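> Quick one, what's the 3D model for this:
(chains A and B)
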Amino acid sequence: NAGVMQNPRHLVRRRGQEARLRCSPMKGHSHVYWYRQLPEEGLKFMVYLQKENIIDESGMPKERFSAEFPKEGPSILRIQQVVRGDSAAYFCASSPSETLSGNQPQHFGDGTRLSIL
Amino acid sequence: DQQVKQNSPSLSVQEGRISILNCDYTNSMFDYFLWYKKYPAEGPTFLISISSIKDKNEDGRFTVFLNKSAKHLSLHIVPSQPGDSAVYFCAARATGNQFYFGTGTSLTVIP
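Here you go, the predicted structure:
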């Protein structure tokens, strides 16, 4: 599946450490979205990025969380000073440019499962 | 503020019968609607979608219906198969290419 690639699949961190989650979108996709899924809950939107731009970060906690999608390389979701409540599955999705392709779905990676000890 | 709602957390259906999953939304500006299927430990997989200018889209065993006046979306699976057992998410796109997801319905198809 040459789709959205996320790594690592599993990440364990101790409280206070930093977590970095990576996402490489599908080839040709210029939009990246990050979602968080807590146990027994649905997908919660966090942030929407295009290359070098944050379009919407209304779902991101104001502190400790940041995201980037540089011109070269994967998108990174960074969580500083992690706490137990950050334990969740983090999913990345990508889509083509809306103006180029009309109605196109997002395609998801298999997620990173973050566990905080 | 949940703009897309799936009010049934779970649904059980006998194999061969129809599964109907429902979704309600509040934003009349949504222009594109999607259903995703998710297995444990995997990412959601795109299933079927519908533009707001249509009221039905069919793909094999899967049909999505859109009732704009009621702001209601449904997914019909017929006949249901055990392999359809998964969590189903509906999603909607707002202007600016932002997507909103429901909280999911866990479908169990009983052999």
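> wait, what's in contact with A:Gln81?
A:Gly16, A:Gln17, A:Glu18, A:Arg64 (C-beta atoms under 8 Å, 6 or more residues apart in numbering or on different chains). The C-beta positions use only the backbone N, C-alpha and C, and glycine is treated the same way.
> Just the C-alphas of stretch A:36-55, formatted as PDB.
Output of stretch A:36-55 as PDB, limited to C-alpha atoms (Å, rounded to 0.1, in the frame of the first residue of the first chain):
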ATOM      1  CA  ARG A  36      -6.500  11.900  17.700                       C
ATOM      2  CA  GLN A  37      -8.600   8.900  18.800                       C
ATOM      3  CA  LEU A  38      -8.900   8.300  22.500                       C
ATOM      4  CA  PRO A  39     -10.000   4.900  23.700                       C
ATOM      5  CA  GLU A  40     -13.700   4.300  23.000                       C
ATOM      6  CA  GLU A  41     -14.000   7.600  21.200                       C
ATOM      7  CA  GLY A  42     -14.200   8.800  17.600                       C
ATOM      8  CA  LEU A  43     -11.700  10.800  15.600                       C
ATOM      9  CA  LYS A  44     -11.000  14.200  16.800                       C
ATOM     10  CA  PHE A  45      -9.600  16.800  14.300                       C
ATOM     11  CA  MET A  46      -6.400  18.400  15.500                       C
ATOM     12  CA  VAL A  47      -4.800  20.300  12.700                       C
ATOM     13  CA  TYR A  48      -4.900  20.700   8.900                       C
ATOM     14  CA  LEU A  49      -1.700  21.700   7.000                       C
ATOM     15  CA  GLN A  50      -0.500  22.300   3.500                       C
ATOM     16  CA  LYS A  51       3.100  22.500   2.600                       C
ATOM     17  CA  GLU A  52       4.800  25.000   4.900                       C
ATOM     18  CA  ASN A  53       1.400  26.400   6.100                       C
ATOM     19  CA  ILE A  54      -0.900  25.600   8.900                       C
ATOM     20  CA  ILE A  55      -4.400  26.100   7.600                       C
END
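> got the end-to-end distance for stretch A:106-113?
Terminal residues of stretch A:106-113 are spaced 20 Å apart (C-alpha to C-alpha, to the nearest Å).
> Against which helices or strands is the worst-scoring helix or strand of chain B on mean pLDDT packed?
Lowest by mean pLDDT, DSSP states H and E among the helices and strands of chain B is strand B:98-101, with a mean of 87. Taking 3 or more C-beta pairs under 8 Å, 6 or more residues apart in numbering or on different chains; DSSP states H and E as contact, the helices and strands that strand B:98-101 lies on are strand A:43-50, strand B:86-94.
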